[in-house]
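Trainee: no FASTA, just this:
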Ligand SMILES: CC(C)(COP(=O)(O)OP(=O)(O)OC[C@H]1O[C@@H](n2cnc3c(N)ncnc32)[C@H](O)[C@@H]1OP(=O)(O)O)[C@@H](O)C(=O)NCCC(=O)NCCS
């Protein structure tokens, strides 16, 4: 038994023609620029950041390590992958934040899978990752950035708005979820 649920998502956009604040990390954290040897680490941080979130219901790849690895591999080998907008944050005990960038057919920069592991949220790392990726787009002359965010994801929506992103379109993603009664009886 399955039922369809519709998740409201915003496509948000930002022009990159105006200066943005610098991406600053708190003490004890450092940037890791893209390198092919970091693919598995991006996938792991993506998994740890997303697997318990609503986005993992909408995009099932985000709910498993294997799915995150496949997704990261797919992003890396897209012809429009943007390494300059793809970053990890390393902390004292390992990597704790990830972001990736892709270009679309207009040459606009798409932010993908911005995630910070739950135990390191609220420290400014999400904002820093976003600003660092945007600086990467600017460094390769990308004029505009865009992303998609689930409307109920308040921390993310608030962060994007604070940096200047505005909603340009609302999208509804249909997801087939197991019916709660089916789950209760083990179907
Ligand atoms: C969204 C996410 C990346 C934010 O990362 P973070 O490191 O906690 O964010 P920051 O500490 O940099 O906070 C940046 C801004 O986000 C907003 N924010 C962060 N946590 C918030 C919360 N719990 N409630 C409301 N707003 C919040 C605030 O505007 C904050 O700015 P402020 O501190 O000046 O008020 C993180 O919550 C996350 O990884 N979530 C799961 C994955 C996800 O949903 N990613 C977004 C996909 S579109």
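Mentor: In hand now; what should we look at? What you are looking at is a predicted structure, and each value in this text was computed from that prediction instead of being measured.
Trainee: pretty sure residue 34 contacts residue 99?
Mentor: No. Judged on CB atoms under 8 Å, residue 34 makes no contact with residue 99 at a distance of 10.3 Å. The way it works is simple: take the backbone N, C-alpha and C, and place the C-beta from them, glycine included.
Trainee: When those two are compared, which one has more neighbours?
Mentor: Comparing residue 34 with residue 99 by other CB atoms under 10 Å, the one with more neighbours is residue 99, at 27 against 20.
Trainee: who does the helix or strand harbouring that one touch, helix- and strand-wise?
Mentor: Taking DSSP states H and E as the definition, residue 99 sits inside strand 94-103. Under the contact definition 3 or more CB pairs under 8 Å, 6 or more residues apart in numbering; DSSP states H and E, strand 94-103 sits against helix 39-50, helix 65-76, strand 87-91, strand 109-116, helix 125-139.
Trainee: Quick check: mean pLDDT of it?
Mentor: Along strand 94-103, the predicted confidence averages to a pLDDT of 98.
Trainee: just stretch 7-16 next, same as before
Mentor: Stretch 7-16 comes out with an average pLDDT of 98.
Trainee: list the buried ones in it?
Mentor: In terms of neighbour count (16 or more other CB atoms under 10 Å), stretch 7-16 has its buried residues at 7, 9-10, 12-14, 16.
Trainee: how near is the residue in the chain positioned nearest to the ligand to residue 89?
Mentor: For the chain and the ligand, the shortest gap (CB to the nearest ligand atom) falls at residue 126, measuring 2.3 Å. Relative to residue 89, residue 126 is positioned 10 Å away (criterion: CB to CB, to the nearest Å).
Trainee: between the two, which one's more packed in?
Mentor: Counted by other CB under 10 Å, residue 126 and residue 89 do not tie: residue 89 has more neighbours, with 26 against 22.
Trainee: which residues sit in contact with the closest residue to that one other than its chain neighbours?
Mentor: Nearest non-adjacent residue to residue 89, counting by CB to CB, 6 or more residues apart in numbering: residue 97, 3.7 Å away. When the contact criterion is CB atoms under 8 Å, 6 or more residues apart in numbering, the partners of residue 97 are 45, 49, 87-89, 115-117, 120, 125-126, 128-129.
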